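[1] mind looking at a prediction? Sequence and model below.
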Amino acid sequence: MSRRWSNDRVYWVLSGAALGALSANAWAASIDWTNQSGDGNYNTALNWSTAAVPSGADDAAFVNAAAGPASISADIPVLRDIRFGDDNRTGSGVVNHSAGAANLNGWFRMGINTGSGGTYNLSGGTVDAGRYNIAESAGATGTMTITGGTLHQRDVSDITDGNQWNRIGQDGVATFNLSNNGTVSFDSRTIMSGSPTAGATVTQTGGVFEVRRGEFVIGDQQTATYNITGGTLRTLNPDNGNVDTSGHLTVGQWDNSNGTLNVGGTALVQVAASLQLADGQISAPNAGTVTQTGGTVQVGINGGNLALARLASGTATYNLSGGVLDLSGGNIVKGDGNATFNMTGGELRNVGSFNFPFIQAGGVFHAGAPNATSNTTITAPAGTTVAYSLGPTASLLIDLATSAQPGTGLSDVLRVNGGTTTLSGNLILHALGSIAPNTAYLILDADGTDPANLVGVFANAPQTIMADNGQMFSVNYHGGDGNAVVVTSLVPEPSMFFGAVGVALAGGLGLRRRRVR
């Protein structure tokens with residue numbers, strides 16, 4: 001067992017043998033699955049090497065693949081561990097669990113020794129254990145397929161204790177599949193690819209995968225990929241200052257890590273604290289990538305940021321081409337490493353600030369929270385040429401609301417500092433109710449008083465624009481101190497008024513005629 005430090009973090013690195021020693025008691029017995037009766041029933045005593053179903057301090061060991069699968073369709077006796085492979089023994093097996101409870105006083109361990117493996121198919125019922133190790137040793141494999149039921153880690157006594165963390169691909173290679181209405185609920189810190197020899201892939205098309213109190217790490221020391229196109233992935237605990245109990249979702253964390261999160265379809269990803277990409281240590285490279293083509297990603301629900309490449313050794317990339325990325329009022333923060341935020345589609349909303357240039361090639365940037373008014377600030381480093389660019393196929397969405405002060409309204413405001421603002425895309429005005437004529441709104445404030453810092457005009461609003469409620473607004477690109485965009489509601493023209501009345505009357509008459517019929 002070795003210990004490694006990173007700032008205020010302490011990580012315990014345990015070998016498979018050390019883990020076995022920690023989990024083992026001198027009086028415990030490993031009872032092997034033999035399927036001697038041939039019925040495949042876990043609860044048939046004759047199917048075990050001692051002619052007794054494991055219970056109490058016993059471990060259920062699957063070391064002989066030739067014995068065939070074990071079936072769990074009713075409650076099994078409470079025991080210590082379920083093991084695929086065993087201490088100092090290589091082996092594997094298959095368990096098909098469709099109903100009933102499997103309660104473990106100890107751990108769920110798969111792939112304990114090199115060459116070991118295992119498959120656990122959960123379609124109903126529950127598994128409850130103190131910790132889960134999938135592909136525990138180097139050269140081992142493990143597969144979990146969950147289509148129903150619940151895989152649950154009970155509340156642990158010390159959330160910072162590394163001996164109670166879950167590992168999907170501890171030292172070996174793990175495959176984890178979640179679909180339909182299956183549920184995975186871990187209490188403590190959960191790691192994918194926990195060592196230089198590990199690898200892990202999670203594929204989620206439905207169900208719920210949650211880490212209730214700990215951090216979830218996709219790629220701790222090696223390559224790990226999480227693919228989600230349906231269902232919910234979430235961390236639940238708010239940020240309390242402890243990195244291991246804070247509810248972060250980290251993609252790429254430690255030495256030579258390479259984590260990838262792919263989000264698409266109808267997936268929902270909810271992060272209680274920060275979404276951290278390439279959050280490793282300075283002495284070794286680390287990489288984290290999120291590619292979002294659909295679904296919704298909510299970051300900082302209880303306070304947090306999208307943090308990119310905190311240290312110089314990190315390489316972080318967020319690719320947004322579809323779906324919704326919601327920062328919950330938090331910030332997008334570039335650290336000292338190589339960070340890229342690519343937006344070619346989808347919607348980005350509710351961002352407090354950027355500390356780097358934002359080049360929006362496509363999609364909709366909603367400068368505030370939905371149906372509310374707030375500010376977003378882009379502050380680019382000194383010497384930056386372009387701080388914000390709205391590309392030809394991109395849109396900027398601004399909410400407008402009334403205020404108690406006549407002639408002045410409340411709106412989202414995009415403030416840009418440190419470089420020029422270039423406009424060639426579209427403006428979308430979302431009116432939160434009817435707005436009085438001659439109400440002015442500051443919607444974009446470019447850096448300084450130099451008009452040269454604001455380049456171009458909105459493609460669909462060179463002079464005027466219609467909001468989504470049908471009201472017309474003038475657009476002034478030299479408002480404020482001469483370097484800001486101000487929109488002002490116009491007095492409706494008579495033709496517009498009577499046209500609207502005519503439409504309303506026609507609709508009413510049509511409705512009346514339908515009632516007469």
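    Nice, I can see it.

[2] please enumerate the helices of this structure.
    Assigned by DSSP state H, the chain shows helices spanning 16-23, 494-516.

[3] okay, residue 283 and residue 347: tell me how far apart.
    To residue 347, residue 283 is 38 Å away according to Cβ to Cβ, to the nearest Å. Any C-beta I mention is one placed from the backbone N, CA and C, and that applies to glycine too.

[4] and the two? Which one has more around it.
    Of the pair residue 283 and residue 347, residue 347 is the one with more neighbours under other Cβ atoms under 10 Å, namely 19 against 9.

[5] from what I see, the more buried one and residue 364 are in contact.
    Yes. Using Cβ atoms under 8 Å, residue 347 makes contact with residue 364 at a distance of 4.5 Å.

[6] state which strand of the protein is the longest.
    The strand that spans the most residues within the chain, counting by DSSP state E, is strand 386-401.

[7] just how off-centre is it within its chain?
    Put simply, strand 386-401 sits 25 Å off its chain's centre (Cα atoms, centre = their mean, to the nearest Å).

[8] which residues of the stretch 1-150 of the chain score low on pLDDT?
    Within the stretch 1-150 of the chain, the stretches with pLDDT under 70 are 1-28.

[9] again with the stretch 151-300 of the chain
    Applying pLDDT under 70 to the stretch 151-300 of the chain picks out residues 239-241.

[10] try 80 this time
    Along the stretch 151-300 of the chain, segments meeting pLDDT under 80 span 238-245.

[11] residue ranges for the strands of it, please.
    Using DSSP state E, counting those that start in this stretch, the strands of the stretch 151-300 of the chain run over 166-168, 173-178, 183-186, 190-192, 199-204, 208-211, 216-218, 223-228, 232-235, 249-251, 257-263, 268-270, 275-277, 286-298.

[12] need these in JSON lines (columns: mean neighbour count).
    What follows is those, written out as JSON lines (neighbours: other Cβ atoms under 10 Å):
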{"stretch": "strand 166-168", "mean neighbour count": "28"}
{"stretch": "strand 173-178", "mean neighbour count": "23"}
{"stretch": "strand 183-186", "mean neighbour count": "22"}
{"stretch": "strand 190-192", "mean neighbour count": "28"}
{"stretch": "strand 199-204", "mean neighbour count": "22"}
{"stretch": "strand 208-211", "mean neighbour count": "21"}
{"stretch": "strand 216-218", "mean neighbour count": "27"}
{"stretch": "strand 223-228", "mean neighbour count": "23"}
{"stretch": "strand 232-235", "mean neighbour count": "24"}
{"stretch": "strand 249-251", "mean neighbour count": "28"}
{"stretch": "strand 257-263", "mean neighbour count": "25"}
{"stretch": "strand 268-270", "mean neighbour count": "21"}
{"stretch": "strand 275-277", "mean neighbour count": "31"}
{"stretch": "strand 286-298", "mean neighbour count": "23"}
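
[13] among the ones you listed, which is nearest residue 398?
    Ranking the strands of the stretch 151-300 of the chain by distance to residue 398, with Cβ to Cβ as the measure, places strand 286-298 first at 21.3 Å.

[14] what helices or strands is that closest one leaning on?
    Helices and strands touching strand 286-298, as assessed by 3 or more Cβ pairs under 8 Å, 6 or more residues apart in numbering; DSSP states H and E, comprise strand 249-251, strand 257-263, strand 268-270, strand 275-277, strand 314-326.

[15] got JSON lines for the ones you listed, with distance to residue 304 too?
    Below are the helices and strands packed on strand 286-298 laid out as JSON lines (distance: least, Cβ to Cβ, whole Å):
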{"stretch": "strand 249-251", "distance to residue 304": "9"}
{"stretch": "strand 257-263", "distance to residue 304": "16"}
{"stretch": "strand 268-270", "distance to residue 304": "11"}
{"stretch": "strand 275-277", "distance to residue 304": "7"}
{"stretch": "strand 314-326", "distance to residue 304": "12"}
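
[16] among those, which is nearest residue 201?
    Of all the helices and strands packed on strand 286-298, it is strand 257-263 that lies closest to residue 201, at 9.5 Å by Cβ to Cβ.

[17] what's the span of stretch 165-178, first residue to last?
    Using Cα to Cα, to the nearest Å, one end of stretch 165-178 lies 20 Å from the other.

[18] of all the strands of the stretch 151-300 of the chain, which one is nearest residue 106?
    Nearest of the strands of the stretch 151-300 of the chain to residue 106, taken as Cβ to Cβ: strand 166-168 at 13.7 Å.

[19] just checking: what are the partner strands of that closest one?
    Next to strand 166-168 in the sheet, as set by DSSP bridges, lie strand 132-134 (parallel), strand 190-192 (parallel).

[20] other residues contacting the first one?
    Pointing back at strand 132-134 there. For strand 132-134, contacts defined as Cβ atoms under 8 Å, 6 or more residues apart in numbering pick out 19, 107-111, 142, 144, 151, 153, 166-170, 174, 176, 186, 200.

[21] ok, now which ones touch residue 247?
    By Cβ under 8 Å, 6+ apart, the contact set of residue 247 is 211, 213-215, 235-239, 271-273, 302, 304.
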